[in-house]
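A.B. asks: Sharing a model prediction with you, sequence too.
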Amino acid sequence: MATTTFQQRKTTKEDLPYFEWEGINKNGVKIRGENQAANANMIRAGLRRQGVKPRWVRPKRKPLFGKGGAVKPSDIAHFARQLTTMMRSGVPLVQSLELISSGNENPAVQDMVLKIKKEIESGSDFATALSKQPKYFDDLFVNLVGAGEQAGTMEDM
């Protein structure tokens, strides 16, 4: 008799859905925001703990076009510039990726950067992590990063 075992995948923050909300703060002012949580009830509870009376909470829709829809070549260029600046300033690679992801409003860019970060945390070098994102990074980009890693001059690539 065959048996099947299922491994339950651990839920991480990047797996959680985004919710947008509106509420009234302690001063009676209407405020809006967005947060990640497992469900809308968790958002409501968190808002109440912060002294905000939620008016509505709903799943954030993913736009078909425009803001947040895709990773554009200009997003990749901006990513590379930000990463270079941080590395030249002495910020470690994983921390730089975390900062870039959290500072970007485009969910597609956030997802791309978090996947790269996860690969590096799993033991891959940066060039290998980039090569696993062929939709965004071509061979030339990956090879330049790899050469920079080998020479110890990645921030100059």
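C.D. replies: Alright, I've got the coordinates. Not measured: the values here are computed from a predicted model.

A.B. asks: From here on, just use CA atoms for contacts and neighbour counts.
C.D. replies: OK.

A.B. asks: what residues are up against the nearest residue to Q36 once chain neighbours are set aside?
C.D. replies: The shortest distance from Q36 to any non-neighbouring residue, by Cα to Cα, 6 or more residues apart in numbering, is to Y18 (4.4 Å). Going by Cα atoms under 8 Å, 6 or more residues apart in numbering, Y18 touches E34, N35, Q36, A37, P59, K60.

A.B. asks: and Y18, backbone torsions?
C.D. replies: phi -90, psi 140 (degrees, to the nearest 10).

A.B. asks: what's the spacing between it and G46?
C.D. replies: Going from Y18 to G46 by Cα to Cα, to the nearest Å gives 14 Å.

A.B. asks: and if you look at A147?
C.D. replies: In terms of Cα to Cα, A147 sits 46 Å off from G46.

A.B. asks: One more: K72?
C.D. replies: K72 sits 34 Å away from G46, going by Cα to Cα.

A.B. asks: and if you look at D111?
C.D. replies: Distance from D111 to G46, by Cα to Cα: 24 Å.

A.B. asks: what about G51, how many residues close to it?
C.D. replies: 14 (other Cα atoms under 10 Å).

A.B. asks: Please shift the residue numbers so they start at 16 in all later answers.
C.D. replies: Noted, 16 is the first residue going forward, which turns the last one into G66.

A.B. asks: Model confidence for F21, exactly?
C.D. replies: Per-residue pLDDT puts F21 at 45.

A.B. asks: now K28
C.D. replies: 57.

A.B. asks: now do A142
C.D. replies: 94.
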